[in-house]
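Colleague: Just need the structure, nothing else, for what follows:
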Amino acid sequence: MREREIDAGGSVGRMWPRIGGLRTLALGTPGELRTRLNTLVLAGVKTATAGLTVEYAQEGEELEHVGERLVLVDDEDSLVGVVEVTGVEAVRLADVPWDFARAEGEGDRSIEEWREGHAAYWARVGTPVTDDSEVVCVRFRLVSAGDGGITTGDLST
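Modeller: Numbering: from 1, shown residues only. As a prediction, this is how the structure comes out:
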């Protein structure tokens with residue numbers, strides 16, 4: 001799940017930060033959730049994430065595209081790793097496939113559990129969803145990790 005920052009009035013506070021010219025991937029919300037999700041990515045367990053098309057529109061961001069590299073960041077927007085997008089599909093929440101939910105690697109035991117958990121998350125961060133809400137399903141592979149990996153220079157190579 002992508003994080004977004006909202007001000008007290010309910011409007012989006014910023015576009016996604018860039019590092020080395022690449023968009024960042026800030027998973028979940030800051031703190032324990034983001035740390036856990038980043039750990040799953042670095043371990044190769046989490047190879048997908050979901051967002052809402054309405055959030056992309058509100059933030060003035062385009063959907064990711066296959067081959068795009070994203071900088072996985074921690075709570076301080078510091079580089080944790082680099083991922084490469086391997087698939088992007090926008091579908092209704094009710095149509096998100098189980099193989100995608102499993103690729104998120106968050107331990108859901110069924111597609112129903114995944115949908116309920118994601119609906120609860122989006123409601124907590126201020127964007128209630130329905131079965132008809134459009135979800136962006138992004139698949140990726142880990143290219144490098146921050147420590148011992150790419151930390152400076154051209155991140156696109």
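
Colleague: residues touching Asp132, list them.
Modeller: 92-94 (C-beta atoms under 8 Å, 6 or more residues apart in numbering). Using the backbone N, CA and C atoms, a C-beta is placed for each residue, glycine as well.

Colleague: Filter those down to the buried ones, PyMOL style.
Modeller: Only the buried entries of these go into this PyMOL selection, using 16 or more other C-beta atoms under 10 Å:
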select buried, resi 93
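
Colleague: Can you give the strand pairings for the helix or strand hosting Leu70, parallel or anti for each?
Modeller: Applying DSSP states H and E as the criterion places Leu70 in strand 69-73. Next to strand 69-73 in the sheet, as set by DSSP bridges, lie strand 22-25 (parallel), strand 79-92 (antiparallel).

Colleague: List the buried residues for the longest helix along the chain?
Modeller: Using DSSP state H, we find that the single longest helix of the chain is helix 111-124. For helix 111-124, the neighbour count (16+ other C-beta under 10 Å) marks 111, 114-115, 117-119, 121-122 as buried.

Colleague: any low-confidence regions in this protein?
Modeller: By pLDDT under 70, the low-scoring segments of the chain are 1-15, 147-157.
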